[in-house]
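1. Here is my input; please provide its structure:
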Amino acid sequence: MGLWKQRQVDVMAADFWHHVTPQRLFLIVVFQVGEYQMSSENEDLSKKEKCLEIPLENNVIQFLQDREVLLSEVIQKKFDCIATLCRNEKRKPVPATALSAEDSLSAEDSLSAEDSLSAEELTPVIISLPTGVRYLKMLPGGFRIFVCLDDLTKHEVDAIVNTANESLKHDHGLARALAKTAGREFQVESNNIVQQHGPVPVGSAVVTGAGCLPCKKVIHAVGPIWSKYPSSESDRLLAYAIRNSLVLANELQMTSIAIPAVSSGNGYPLQRCAELIVNTVKAFHGKWQPTDPLKEIRLVNFTEPTAGAIASACKNILGETDQKNLLSMDFVPNRIRDIFEFQNLHLEIKRENIEEQNTDVIVNTISRDLNLNSGRVSKAIAEKAGPDLQRELYRITKTKLIPFGEVLKTSGFQLSCEYVYHAVCSNSVSEKVCTILYAL
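-> Model (predicted):
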């Protein structure tokens, strides 16, 4: 079987007990569902009360034990629930393969006879959801599909799919951002693959290490450029790229994979791209066996329009989200931001460092002498980009002072962007604001 042999597909189920710790310490939350009033003191409430059992990880056990009273008060006031920490030695982890879509939140059928508990003691598991979840679907066997609005360079998952070209040159868009974060060896390893096996055919996928990215492997999927092929051929090649990525992740024993909207940046119509990716994932699940290692597919994109298109395709093809039926412990999002839509303009206000952003362009403010050390923003950008940024600025112009309102363009160097636009500003630049904005 050659390196570029087209692959067939299989998909997997979610491991709800991934977060169970050997200490078997749980947070038990009891709450009422629906509108209910007791008709008598002795009435059985078992059908009206729900009990959720949250397995705790090592890094939070001691923290919560020291603050158990405060935790109970907060949950009581905010959610009107009763919460307590409990150690349950009888309960054993439930294998993911024993769970179906309907009973994936119940452990009853997975317990042995000697370990079986009463119906009142059986409780569902609450798991941590990924950051930025917009959609969640549980398919038969417990297989999970997420749609997430998140930065793929910061998304913690076993495998990330990169939108690659045939030469594996990571020069633009998402590929550039991933390569910047991963480090130099990322591109070196990609170059070695091409040198040994030749360019990667469209529709194929190959794997490299992840470098400094928060994942184990990066799978490089080569999707089609929309304008180069008939539409039916583009669809076939994109489906191959997604399927091959999923099969490769499974063969590598990955349990989760994050996939962006491959080819959407190559002119592929967004809605068509979204529907094809979701249909390919659905077909993949149709051939999945519960014993396969891959358990979770996350469709992750950085912009709201793309994530929205993927979520809409999931709803149309897979059905309404199951997210409203779950609770999560997703306490720590990796960003805080406000999102606004105005006509065709998508605006995000983010409380983060500008030099850390993954985007096409970063705008810098700079003084007339082009000294990047003279302002907090330009200094932060210069430190991240490296010394070549300052050298390029000095090469661009030979004049000593640049007029206010001018905008200079440089490469992003070590920043996670393609270009930096340097707006030459003064301390009181109100009269030049419109000039600068138009120049950008």
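2. going forward, measure contacts between C-alpha atoms and count neighbours the same way
-> Fine.
3. what's the helix ranked longest in the chain in contact with?
-> Longest helix in the chain by number of residues (criterion: DSSP state H): helix 231-251. Residues from elsewhere that reach helix 231-251 (Cα atoms under 8 Å, 6 or more residues apart in numbering): 6-11, 159, 161, 202-207, 219-226, 255, 257, 262-263, 276-277, 280-281, 284, 292-294.
4. Among those, which ones are in helices?
-> Judged by DSSP H, these include 276, 277, 280, 281, 284 as members of helices.
5. Select from those residues the one having the most neighbours.
-> When neighbours are taken as other Cα atoms under 10 Å, the top entry among the ones in helices among the contacts of helix 231-251 is residue 277 (26 neighbours).
6. give me every residue that touches it.
-> Neighbouring residues of residue 277 by Cα under 8 Å, 6+ apart: 238, 239, 242, 261.
7. likewise residue 263?
-> 163, 223, 224, 225, 226, 238, 273.
8. out of those residues, who's nearest residue 133?
-> Distance to residue 133 across the contacts of residue 263 (Cα to Cα) is lowest for residue 273, with 19.8 Å.
9. Could you tell me what pLDDT the model assigned to that closest one?
-> pLDDT, residue 273: 96.
10. mind checking which helix or strand it is in?
-> helix 270-286 (DSSP states H and E).
11. As CSV, could you dump the C-alpha coordinates of that helix?
-> Extracted as CSV, the C-alpha positions of helix 270-286 are listed here (Å, rounded to 0.1, in the frame of the first residue of the first chain):
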residue,chain,number,x,y,z
LEU,A,270,-18.7,27.8,2.6
GLN,A,271,-22.1,26.2,2.8
ARG,A,272,-21.2,23.5,0.3
CYS,A,273,-17.9,22.8,2.1
ALA,A,274,-19.7,22.6,5.5
GLU,A,275,-22.3,20.1,4.2
LEU,A,276,-19.7,17.9,2.5
ILE,A,277,-17.5,17.7,5.7
VAL,A,278,-20.5,16.8,7.9
ASN,A,279,-21.8,14.2,5.4
THR,A,280,-18.3,12.7,5.3
VAL,A,281,-18.2,12.5,9.1
LYS,A,282,-21.6,10.9,9.1
ALA,A,283,-20.5,8.3,6.5
PHE,A,284,-17.4,7.7,8.6
HIS,A,285,-19.5,7.0,11.6
GLY,A,286,-21.5,4.5,9.6
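12. which other helices and strands contact the next helix or strand after it?
-> Next along the chain after helix 270-286, taking DSSP H and E as the criterion, comes strand 296-301. Secondary-structure packing of strand 296-301 (3 or more Cα pairs under 8 Å, 6 or more residues apart in numbering; DSSP states H and E): strand 143-149, strand 256-259, helix 304-318.
13. Make a markdown table out of these and add distance to residue 191.
-> Formatted as a markdown table, the helices and strands packed on strand 296-301 follow (distance: least, Cα to Cα, whole Å):
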| stretch | distance to residue 191 |
| --- | --- |
| strand 143-149 | 30 |
| strand 256-259 | 22 |
| helix 304-318 | 30 |
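14. In CSV, list the ones you listed along with mean pLDDT, distance to residue 392 and mean neighbour count.
-> Converted to CSV, the helices and strands packed on strand 296-301 look like this (pLDDT from 0 to 100; distance: least, Cα to Cα, whole Å; neighbours: other Cα atoms under 10 Å):
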stretch, mean pLDDT, distance to residue 392, mean neighbour count
strand 143-149, 92, 35, 25
strand 256-259, 96, 35, 25
helix 304-318, 93, 34, 20
